[in-house]
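# Give me a model of this one.
(chains A and B)
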Amino acid sequence: MKYALYPGCTVLGRGRNYEMAARAVAAIFDIEFIDLFDFECCGFPIKSMNYETFLVMAARNLLSAEEKGLDICTLCNACTSSLTEVNKYLIEHFDEKTRLVALLRKKGIDYRMGRNIDVKHFTKILYEDIGIDEIQKLIKKKLLNLHVAPHYGCHYLKPTAIYKNPEDSENPQSLDELISVTGAHSMDYNTKTGCCGAGILAISEDLAYSIARPKLQELSTNSADAMILMCPFCSIMFDDNQRKIEQKFQERYNLPVLYYPQLLGLALGIDEKSLGLRMNRVRTTTLLEKVKHV
Amino acid sequence: MKLSPRFKYEIAKEFGGENLKLCFACGICTASCPIREIDEKYNPRRIIRMVLLGMKQRVLNSDFIWLCSSCYACTERCPQGVRFTEVMNAIKNLAVKEGYIHPAFAQQLHILRQFGRLYEIDEFDNNKRIAFGLPKVEKTKGFTKKIIEIAGLNNIIPRREDDKNV
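The predicted model follows:
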């Protein structure tokens, strides 16, 4: 299985642990990543400023993979929704695709069109292309004493209209299943489908922190061992900024936040160093101790 | 207050604004909105009413239009298919064309023009990557800067002085 890896700006800038874990897990399942060295921003931050620019930015990244005949694997939920949305639009509007190719050519950015490609989040590749049964076969160590909470992230599920096999966005189950296969217990909780607030972090920190807070409150009250997610934006809110949120509200959560490939990696027997588990902001020491005594 | 009766048509012409007029004001967008739950300044149903009434300057010049977190809760639940998240994008697109932009967004555009990505990966980062067994990341080729030129965004938002040497 071969994919062009589209890590996205935020993973490169702030999610080295995520990238390491994803690559280590991919290797175990024979998912080959071809690095797209000419990738630039997916266009997500530009969509609300100028739709046409967003369209061209996303299209250029897509065309670069299409020329190489590769489907794209994304790591970030925001990149996933941007590239999926534009990819669907270009497949359904061939006239628009040829217009954008010509527009780019005029600027000296030249791509040959190829077959239509697919855009898939790494977690979705694990869930749909590899599948729970195959993952099960390679589990070396069941993480039986962990109680963890899945956080899907808005753009992993929504807008459902752009995705090929959309889940019920009010009651998603795929990440729960992916957690269960590691042997860990996937907790149900009230704020499960809540937004992380990262979308407005640059506009209003106070508001963004207030939006992230209920999840942290609920999960620390319920003594979750960790929150499990797969988006670097959500991780910036819940992991990188957890300390600031604690300070702002004078509360203590101390909730480790892991990327899903980090959790799966532990169950696959990959060492903690290769999974970047020491790079998570909220210390994972207690959790790792717990896993040792399974 | 001066009203602009054409405002709703201007929004409907922008990408994502098409379904605005289908709104029958049930308010499920407002009830679903995580921003509204914290800050009453941001109220989706009210924003749609303001657009339909033609309160152009009040909307485009406001702080609240920049508060959407783009979580799509409203879009998923709307019984009329208004796609309010996209309506908000249409409103912000028009605001930018009319010269209103939140400084945080202008700053992101500035970074993207310079680096092509939201974070610059320099030699220091690359050395760290290599130390952790990750491949080196090449410098961007300036595609994003060219694309921002194509769409004419340079005319909408004036380039900042320190962009010039890039």
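# Please enumerate the helices of chain A.
Counting by DSSP state H, chain A has these helices, from start to end: A:9-14, A:16-28, A:51-67, A:77-92, A:94-106, A:122-124, A:132-138, A:154-157, A:174-180, A:205-221, A:232-235, A:242-249, A:260-267, A:285-292.
# Does residue A:13 touch residue B:119 like I think?
Yes - counting by Cβ atoms under 8 Å, residue A:13 does reach residue B:119; the two are 2.7 Å apart. Bear in mind the C-beta positions are built from the backbone N, C-alpha and C, glycine included.
# Just give me the neighbour total for the closest residue to chain B within chain A.
Closest to chain B within chain A is residue A:13: 2.7 Å, counting by Cβ to the nearest Cβ. Residues near residue A:13, counting by other Cβ atoms under 10 Å in any protein chain shown, number 17.
# now swap in residue A:62 and tell me
26.
# Show the pLDDT at it.
Listed pLDDT for residue A:62 reads 98.
# next one: residue B:150
Residue B:150 is given a pLDDT of 83.
# Can you give me the neighbour number for it?
18.
# so it touches residue A:56, yeah?
Yes - contact status for residue B:150 versus residue A:56: in contact at 6.1 Å, counting by Cβ under 8 Å.
# Leaving out the residues flanking it, which one is nearest to residue 96?
With no chain named, the answer covers chain A. Sequence neighbours aside, residue A:90 is the residue nearest to residue A:96 in space, at 6.3 Å (criterion: Cβ to Cβ, 6 or more residues apart in numbering or on different chains).
# that's the wrong chain, I meant chain B
residue A:49 (5.0 Å).
# Residue B:148 versus that neighbour, what's the distance?
10 Å (Cβ to Cβ, to the nearest Å).
# what is in contact with those two at once?
Shared contacts of residue A:49 and residue B:148, defined by Cβ atoms under 8 Å, 6 or more residues apart in numbering or on different chains, comprise residue B:109.
# residues in contact with residue A:54?
Contacts of residue A:54 (Cβ under 8 Å, 6+ apart): A:43-44, A:46-47, A:82, A:86.
# between those residues, which is nearest residue B:40?
residue A:47 (25.9 Å; Cβ to Cβ).
# From residue B:111, how far off is the closest one?
Taking Cβ to Cβ, one finds residue A:47 at 16 Å from residue B:111.
# ok, now residue B:121?
Taking Cβ to Cβ, one finds residue B:121 at 13 Å from residue B:111.
# now residue A:82
Using Cβ to Cβ, residue A:82 is found at 17 Å from residue B:111.
# out of those two, which sits in the busier spot?
residue A:82 (28 against 17).
# my guess is that one meets residue A:45, correct?
No - assessed by Cβ under 8 Å, residue A:82 is found out of contact with residue A:45, at 9.3 Å.
# check contacts around the most far-flung residue of chain A relative to its centre.
If you look at how far each residue of chain A sits from its centre, by Cα atoms, centre = their mean, the farthest one is residue A:106, at 34.2 Å. With contact set as Cβ under 8 Å, 6+ apart, residue A:106 has these partners: residue B:150.
# Around the nearest residue to residue B:32 once chain neighbours are set aside, how many other residues sit close by?
Leaving aside its sequence neighbours, residue B:32 sits nearest to residue B:73 (Cβ to Cβ, 6+ apart; 4.2 Å). Counted by other Cβ under 10 Å, the residues lying close to residue B:73 total 25.
# Residue B:35 is in contact with residue B:73, correct?
No - using Cβ under 8 Å, residue B:73 is not in contact with residue B:35; the gap is 9.9 Å.
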